[in-house]
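S.K.: let's see this in three dimensions:
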Amino acid sequence: MILHERMISMKYNQPANYTDDLKAVVTKPSPRGDGNWVMEVEPKDENGNQLFTGDNPGSVSIEDAMIVIPTDAQGVKRTKQLETVTNLAANATYTGVTIDTSAERRIVGIVSANQAGTLYVESSTNGSTWYSIFKQNIAANTPFGFDVPCYTEYTRIKYTNGNTAQTAFRLAAYTLPI
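M.R.: Sure thing, here's the model as predicted:
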């Protein structure tokens, strides 16, 4: 059987990792050791017979396809980078630790305070010169979830309190890998 005579299509409305025509499992690091992951596929014909075997090796090429990366709910490991519940004085600023985001794709988290303030996400290429890439005014007693891409090697979170001292504050941030 020649593979190019048969159209193989991935259907994205199927449960994660499975399609009608292919069984695809993204489970192991690339054997090249380059930090990427590989997708194993087992193409089958319309009768469920495996197209490629040890006696009949082949290859699959996917062009113009969207590869869907699993979301948190599908098992992407998130790493807690910071959490603080230390209340801030009037006009005080909390500056989180410098986070190495060279192998991270997003920073997500939640902030809640009983006084209004401003949340910032900052990026740096060297860990000392910082650029604000995200700014959000936070209303008192209104939890806010954030999700920001990691653009550079380093990222940090800052929060500046408003004119009134806090009596309740929580800030937590997590990174999601590439």
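
S.K.: count of residues packed around the residue nearest to residue 105 when sequence neighbours are not counted?
M.R.: Closest residue to residue 105 in three dimensions, ignoring its sequence neighbours and counting by Cβ to Cβ, 6 or more residues apart in numbering: residue 178, at 4.7 Å. In short, each C-beta sits where N, CA and C put it, glycine included. For residue 178, the neighbour count with other Cβ atoms under 10 Å is 14.

S.K.: try residue 171
M.R.: When neighbours are counted by other Cβ under 10 Å, residue 171 registers 23.

S.K.: quick check: it touching residue 82?
M.R.: Yes - the criterion here is Cβ atoms under 8 Å, and residue 171 meets it with residue 82 at 7.2 Å.

S.K.: please identify every residue contacting each of these two.
M.R.: Any residue near both residue 171 and residue 82 by Cβ atoms under 8 Å, 6 or more residues apart in numbering counts here, and that gives 96, 157.

S.K.: what sits against residue 89?
M.R.: Per Cβ under 8 Å, 6+ apart, neighbours of residue 89: 161, 165, 166.

S.K.: ok, now residue 141?
M.R.: 112, 113, 114.

S.K.: and for residue 127?
M.R.: 98, 153, 154.

S.K.: now do residue 84
M.R.: Residue 84 neighbours (Cβ under 8 Å, 6+ apart): 94, 96, 169, 170, 171, 172.

S.K.: among those, name the buried ones.
M.R.: 94, 96, 169, 171, 172 (16 or more other Cβ atoms under 10 Å).

S.K.: going by distance to residue 140, which of those wins?
M.R.: Of all the buried ones among the contacts of residue 84, the one with the least separation from residue 140 (Cβ to Cβ) is residue 169, at 10.9 Å.

S.K.: any idea of the mean pLDDT for stretch 154-170?
M.R.: Averaged across stretch 154-170, the pLDDT comes to 97.

S.K.: using PDB, list the CA coordinates for it.
M.R.: Coordinates of the C-alpha atoms in stretch 154-170 are reproduced here as PDB (Å, rounded to 0.1, in the frame of the first residue of the first chain):
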ATOM      1  CA  TYR A 154      13.900  36.500  32.600                       C
ATOM      2  CA  THR A 155      10.600  37.500  33.900                       C
ATOM      3  CA  ARG A 156       9.400  39.000  37.200                       C
ATOM      4  CA  ILE A 157       6.100  40.100  38.800                       C
ATOM      5  CA  LYS A 158       5.600  43.400  40.500                       C
ATOM      6  CA  TYR A 159       2.600  44.800  42.400                       C
ATOM      7  CA  THR A 160       2.200  48.400  43.600                       C
ATOM      8  CA  ASN A 161      -0.300  49.000  46.300                       C
ATOM      9  CA  GLY A 162      -2.600  52.100  46.200                       C
ATOM     10  CA  ASN A 163      -2.900  54.900  48.800                       C
ATOM     11  CA  THR A 164      -4.300  52.700  51.600                       C
ATOM     12  CA  ALA A 165      -2.400  50.000  53.500                       C
ATOM     13  CA  GLN A 166      -3.700  46.400  52.800                       C
ATOM     14  CA  THR A 167      -5.000  44.000  55.300                       C
ATOM     15  CA  ALA A 168      -5.400  41.200  52.800                       C
ATOM     16  CA  PHE A 169      -3.100  40.400  49.900                       C
ATOM     17  CA  ARG A 170      -2.300  37.300  47.800                       C
END
